[in-house]
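**Q** My questions concern the predicted model and sequence given below.
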Amino acid sequence: MHHSTTGEKALNHLNQIILFIIAATMLFPFLYIFSVSFSSVTDVLENDILLWPKEWVTDAYTYILGSDRFLHSLLVTVYITLVGTIVNLLFTSTMAYALTKRIPGQRAILFLVLFTLLFSAGMIPTYMVVKATGLLNTFWALILPVAISPYNLIIMRQFFLSIPEELSEAALMDGANDLQIFTKIILPLSKPSLAAFGLFYAVGHWNNYFSGILYLNDPAKWPIQVILRQIVIVNEPNAALGGHELMEVLPPPETVQMAAILLATIPILIVYPFLQKHFAKGVMLGSVKG
């Protein structure tokens, strides 16, 4: 059994201290947001808040959760995230699997995929394509233009290449076709990879606000991040939440902003624990075989 030397123990303690400081630094903004969102008007105006509310007040949450527009935008974001992630994984996995086979034009297609990693069309050409295809002011404008991430596609293809070829050959000998091999052998073995990339795609959809501003003209279709932008950056919480009749006395804009940030962040954070066991393994799988 290996016994740690004094130097190794000191180094471990130093690493623990450094990691604790980093974790505390990352946790502090969340604690501050939480504290401000539950603080009273007096404490906010006097800036007498650090890590814990002196007086617990829920006016900001009552104000936000009483807004139909906020709750509707939250449901819109959940819909876009779920449908978008399913589309992402479907398109990425099928194209990645197809590119593991010797098909006509395989090298040219791979070159085009790699080319998009270095160069993109830009905002205006992309907007023109979205408009020309009739996707403007629809939820699909936020999903289809980002249906496949070239980076994720390459990594997933490398993972598929790492799966032993003998499994597919044995299935072929038993009479299975490519679709059956993909759905009954490749995908079940790819759960860690699919979970990791699904999380990447889901977080991207959840945090995306610019596409909503660019492609959605109807405020009723705005996702939560666009509403959050109106509340925090534009500093128009009442206009963003839809009306002046939510409460007789409006809470301070600062508490509304922090409460909105917290409410918009919690749902996507809840997803992490369910995918954590697959996450670290899935990220590394694509590097097994070059």
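**A** Great, that's in hand.

**Q** okay, and the helix or strand of the chain with the least pLDDT?
**A** helix 237-241 (a mean of 66; mean pLDDT, DSSP states H and E).

**Q** Tell me the secondary structure at Gly175.
**A** What DSSP: H, G, I helix; E, B strand; the rest coil gives for Gly175 is coil.

**Q** So it versus Ile109, what's the distance?
**A** Separation of Gly175 from Ile109 (Cβ to Cβ, to the nearest Å): 29 Å. The C-beta positions use only the backbone N, C-alpha and C, and glycine is treated the same way.

**Q** now swap in Thr255 and tell me
**A** Counting by Cβ to Cβ, the gap from Thr255 to Ile109 is 52 Å.

**Q** Pick out whichever of the two has more residues nearby.
**A** Thr255 (27 against 14; other Cβ atoms under 10 Å).

**Q** How about the contacts made by the more buried one?
**A** Counting by Cβ atoms under 8 Å, 6 or more residues apart in numbering, Thr255 makes contact with 36-39, 41, 44, 57, 59-60.

**Q** Please name the nearest non-neighbouring residue to it.
**A** Spatial nearest neighbour of Thr255, excluding adjacent residues (Cβ to Cβ, 6 or more residues apart in numbering): Ala60 at 4.0 Å.

**Q** Now tell me what touches the host helix or strand of the one you found from outside.
**A** Element membership of Ala60, judged by DSSP states H and E, is helix 59-65. Helix 59-65 is contacted from outside by 37-38, 70-71, 241, 246-247, 250-252, 255-256, 258-260, 263, using Cβ under 8 Å, 6+ apart.

**Q** And those residues, which of them are buried?
**A** When those are checked for burial by 16 or more other Cβ atoms under 10 Å, the buried set is 37-38, 70, 241, 246, 251-252, 255-256, 258-260, 263.

**Q** Please produce TSV containing those residues, extended by secondary structure and distance to Leu187.
**A** Listed next are these as TSV, based on DSSP: H, G, I helix; E, B strand; the rest coil; distance: Cβ to Cβ, whole Å:
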residue	secondary structure	distance to Leu187
Ser37	helix	42
Phe38	coil	45
Phe70	helix	37
Leu241	helix	42
Leu246	coil	47
Pro251	coil	48
Pro252	coil	50
Thr255	helix	46
Val256	helix	44
Met258	helix	42
Ala259	helix	41
Ala260	helix	38
Leu263	helix	35
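
**Q** And those, which is closest to Leu118?
**A** Each of these was checked against Leu118 using Cβ to Cβ; the closest is Ala260, at 37.2 Å.

**Q** and the helix or strand hosting Leu90, what does it pack onto?
**A** Secondary-structure assignment from DSSP H and E places Leu90 in helix 68-98. Helix 68-98 sits against helix 150-162, helix 191-207, helix 224-232, helix 237-241, helix 253-285, with contacts defined as 3 or more Cβ pairs under 8 Å, 6 or more residues apart in numbering; DSSP states H and E.
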